[in-house]
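# pasted the sequence and its predicted model underneath.
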Amino acid sequence: MSMIPDFAVKLARLIAGYSMDVAEGDVVAINTPIAAEEFVLPLVAEILERGGHPLVNARFPGLNEVFLDKASDAQIDYVDPRHELVVEKADVYMVVLADTNTKSLASSPPEKIARANK
C-alpha cells in the first residue's frame, strides 16, 4: 500500500471519529470533487463502519466553469431544494476541497464567483 492511501485511511479515521464524531444512524453529507477519491473512499468506509449513512455528492472537473460561464443571475441565485433537504436532514455536513486545476476559474467573472458562493 502506498503512503497516500495509508495516510488517507488514517485521516478518514481521525475525521470521522474525532472531528465529526460519527455515530450509529448519523446521516453524513459529503460534497466533494472526484479528485478527492483517494480520501473520500476511506472516509465513506469509516462512516459505514461506524454505522453512519454517507451521502456523497461528487462533482467533476469543469462543471463550475461551465456554470459560471453560462448561468444567468437567476440561475446562480437558485437554491436547489435537494441541497436544502440534505443540509436540513444531515447530522454532519462536510465539504472536501481538492482542485486539480487551481486556475480553472481565472477567466470567470469575479462577481459571478462571489454570487455563486453566497
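On my side now, so go ahead.

# any idea which helix or strand comes after the helix or strand where Asn64 lies?
Using DSSP states H and E, Asn64 falls within helix 63-70. Counting by DSSP H and E, the next helix or strand C-terminal to helix 63-70 is helix 73-77.

# can you spell out which helices and strands pack onto that next one?
Applying 3 or more Cβ pairs under 8 Å, 6 or more residues apart in numbering; DSSP states H and E, one finds that helix 73-77 contacts helix 63-70, helix 110-116. Quick note: C-beta positions are derived from backbone N, CA and C, even for glycine.

# and those, which one averages the lowest pLDDT?
Of all the helices and strands packed on helix 73-77, the minimum mean pLDDT falls on helix 110-116 (a mean of 80).

# quick check: buried residues in that one?
112, 116 (16 or more other Cβ atoms under 10 Å).

# tell me what the strand or helix carrying Asn31 is packed against?
Remark: Asn31 resides in strand 27-33, with elements defined by DSSP H and E. Helices and strands touching strand 27-33, by 3+ Cβ pairs under 8 Å, 6+ apart, are helix 37-49, strand 53-59, helix 81-89, strand 92-95.

# note down every partner strand of the last one and its orientation.
The reference is to strand 92-95. strand 27-33 (parallel) (DSSP bridges).

# between the partner strand and helix 37-49, how many degrees?
Put simply, strand 27-33 runs at 170 degrees to helix 37-49, going by axes from the mean of the first three to the mean of the last three Cα atoms, to 10 degrees.

# mean confidence score for the strand holding Asn31?
Here the average pLDDT along strand 27-33 is 95.

# so which residues make contact with that strand?
For strand 27-33, contacts defined as Cβ atoms under 8 Å, 6 or more residues apart in numbering pick out 16, 20, 22, 40, 43-44, 47, 52-61, 86-87, 89-100.

# how far is it from where the chain is centred?
5 Å (Cα atoms, centre = their mean, to the nearest Å).

# about what we covered before: can you put the helices and strands packed on strand 27-33 in a markdown table and add mean pLDDT and distance to Phe67?
Below are those laid out as a markdown table (pLDDT from 0 to 100; distance: least, Cβ to Cβ, whole Å):
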| stretch | mean pLDDT | distance to Phe67 |
| --- | --- | --- |
| helix 37-49 | 95 | 22 |
| strand 53-59 | 94 | 10 |
| helix 81-89 | 89 | 14 |
| strand 92-95 | 90 | 17 |
